[in-house]
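Participant: sequence plus the predicted model coming up.
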Amino acid sequence: MTTWNQVYDPFGNAWLSTLAASLPVIALLGMIASGKVQAHIAAVLSLVLAFCVAVFLFGMPGDLALRASGYGVALGLFPIGWIILNVIFLYRLTVEKGWFATLQQSVAGITTDRRLQLLLVAFAFGAFFEGAGGFGTPVAVTGAILIGLGFSPLAASGLSLIANTAPVAYGALGAPIQGLASVTGYDPYILGAMIGRQLPFFSVLVPFWLIWVFAGFRGMLQIWPAIAVCGGSFALAQFGISNYVNPWIVDIGAALVSMGALVLFLKYWRPATIWTSPALRGNDPSIGYVTAAGGALPTPAGARTASSREILLAWVPWIILSVIVAIWGTKFFKDIVDPIFIWNYPVPGLHNVIMKVPPVVAKAHPEAAIFKFAYMSYTGTGVLFAALISGVIMGFSPWRLVKAYIETIWVLRYSLITIAAMLALGVLTRYAGVDATLGLAFAGTGILYPFFGTLLGWLGVALTGSDTASNVLFGGLQKITSEQLGLSGILMASANSSGGVMGKMIDAQSIVVASTATGYFGQEGKILRFVFWHSIVLACLVGGLVMLQAYVHPFSAMVIHP
């Protein structure tokens, strides 16, 4: 079998090669940010550009580029598109039966203050779904709940993205850490502990940041005790579980602690002023936008108050979803079903044909390309089961469930195309070595490497849409470069994951998930412009912390060395 070696500097000039490698992502983000090109069209056009860059500038054989693109399309639909489709299916069922409106009342029963609702739903509840499912599940669920609670589409979309940051490194029961361990050779428990000495600072900061963005500085100060309880309890649990238990259950445990602490605190404390506006403070261009996803409307004034039994029933679909997703994510469950319900398909003409070579890796090795169609253990399959069970409980007929599912596919048709094209772009650039070229540019920053190495993780997630994928892509490079510079490999491998979480809010895939969940279709550019600078500033703050850990005592005492 003829192999092809990746080329990281096709022009013999690092600046020109880096510029060429950045063209697809610049084009993608530029088209989306402009608001003049629909997301699915922008994704397809950027994929075509990435194909041309890979083939004509980086020398990738055309047949390999086609196969890598097709592989990416499959990965986009399964598992990511599969999750989104089934979450929105469940959401639309609860809206149709009026159960979602009842759920609104129950959340309002805990607190009518919009800021506190954001803490409870977007941060704490979202962290639970990040830990259990990951891969877009938390943004889809929290975005749908927030739009149903009456938040404006931009607030529901953008704030769900900002909230879904600090928990990401431990998402999907520690999948990013497992991926990082697989390419670095470090113990996942050690990596999880090191990340647990970085992200808790931001688990405290992000809730404050979230409310500041929504309600302004004064609005944030009015509820600072509740924010401190929510973020502080999450951070303490995140540190404790990651350093003294294991890295797999960090998010689930910390989320439950945070939700419990906040709800208990609100039994004894109320803000002096109740914040009732569902819009972003200042200019909110989404006010008055009618969502196209059939989103629930706020409960009208004078509507009948739901009984305790009705409120309990309204939570049943989401309780079922939480339980099933938590089970679906366990290694125990996967070990049972995967040997029976899995199809491993080595992509012909791509699997082990492309060679990743130094300096990206210590020793040249072939890139595997096996499509693992684990159709039963996919998180999306668990969500589908939760939706069907909930549908039966809600009284839907089998025919209506089928029809509702087809309607959901039709509503999400452009979003699914977008997600498939986004993943195709990410997979193509990975197999072409294009994103490794970008990584090498960051690796050449010398004494500033702890800062820029952290931003490399941010770039990886922004490109791939996944902290796991970013860790697999750049984890080995982080280890090699840090060892050459005399830095802790564990520190910089962990920084790749910690920095990556801030890129989650601007990756095109997550933005499409947010716009889909909130029915804010065709407005992805507005969402990107809203979250972009928050992502960069927070990523730089993580980079600053890693610089302190690398060079400044007592922060350096937090570093675990190999």
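Facilitator: Received the coordinates, thanks.
Participant: rest of the way, CA atoms for contacts and neighbours
Facilitator: Will do.
Participant: need the residues that contact the helix or strand hosting residue 139.
Facilitator: Taking DSSP states H and E as the definition, residue 139 sits inside helix 137-148. With contacts defined as Cα atoms under 8 Å, 6 or more residues apart in numbering, helix 137-148 is touched by 83-84, 87-88, 91, 100-101, 104, 118, 121-122, 125-130, 153, 156-157, 160-161, 164, 295-298, 510, 513-514, 516-518.
Participant: could I get the average pLDDT for it?
Facilitator: When the per-residue pLDDT values of helix 137-148 are averaged, the result is 85.
Participant: quick check: angle from the helix or strand just after it to helix 137-148?
Facilitator: Elements were assigned by DSSP H and E; along the chain past helix 137-148, the next helix or strand is helix 153-163. Counting by axes from the mean of the first three to the mean of the last three Cα atoms, to 10 degrees, helix 153-163 points 150 degrees away from the direction of helix 137-148.
Participant: which strands and helices sit next to helix 153-163?
Facilitator: Contacting helix 153-163 under the criterion 3 or more Cα pairs under 8 Å, 6 or more residues apart in numbering; DSSP states H and E are the following elements: helix 137-148, helix 199-221, helix 508-518, helix 524-551.
Participant: could you measure from residue 485 over to residue 538?
Facilitator: In this structure, residue 485 and residue 538 are 25 Å apart, going by Cα to Cα, to the nearest Å.
Participant: show me what the lowest-mean-pLDDT helix or strand in the chain is packed against.
Facilitator: The weakest-scoring helix or strand in the chain, judged by mean pLDDT, DSSP states H and E, is helix 99-110 (a mean of 78). When contacts are defined as 3+ Cα pairs under 8 Å, 6+ apart, helix 99-110 packs onto helix 82-96, helix 137-148, helix 308-328.
Participant: now, of those helices, which is deepest in the fold?
Facilitator: Neighbour counts (mean count of other Cα atoms under 10 Å) averaged over each of the helices and strands packed on helix 99-110 peak at helix 137-148, with a mean of 29.
Participant: tell me which helix or strand comes right after the helix or strand hosting residue 456.
Facilitator: Mapping residue 456 onto the secondary structure by DSSP H and E places it in helix 449-464. Downstream of helix 449-464, the first helix or strand assigned by DSSP H and E is helix 467-484.
Participant: you'd agree residue 358 is in a helix?
Facilitator: No. Residue 358 is assigned coil when assessed by DSSP: H, G, I helix; E, B strand; the rest coil, not a helix.
Participant: that one and residue 459: what is the separation?
Facilitator: 21 Å.
Participant: neighbour count: those two, which is higher?
Facilitator: Residue environment comparison for residue 358 versus residue 459 gives the larger neighbour count to residue 459, 26 against 14, counting by other Cα atoms under 10 Å.
Participant: isn't the more buried one up against residue 500?
Facilitator: Yes. Taking Cα atoms under 8 Å as the contact criterion, residue 459 and residue 500 are neighbours in contact, 7.1 Å apart.
Participant: so residue 273 lies in a strand, does it not?
Facilitator: No. Looking at residue 273 with three-state DSSP, it is coil, so not inside a strand.
Participant: ok, how many other residues are close to the residue nearest to it when sequence neighbours are not counted?
Facilitator: Nearest in space to residue 273, with sequence neighbours left out and distances taken as Cα to Cα, 6 or more residues apart in numbering, is residue 222 at 7.6 Å. Under the neighbour criterion other Cα under 10 Å, residue 222 is assigned a count of 17.
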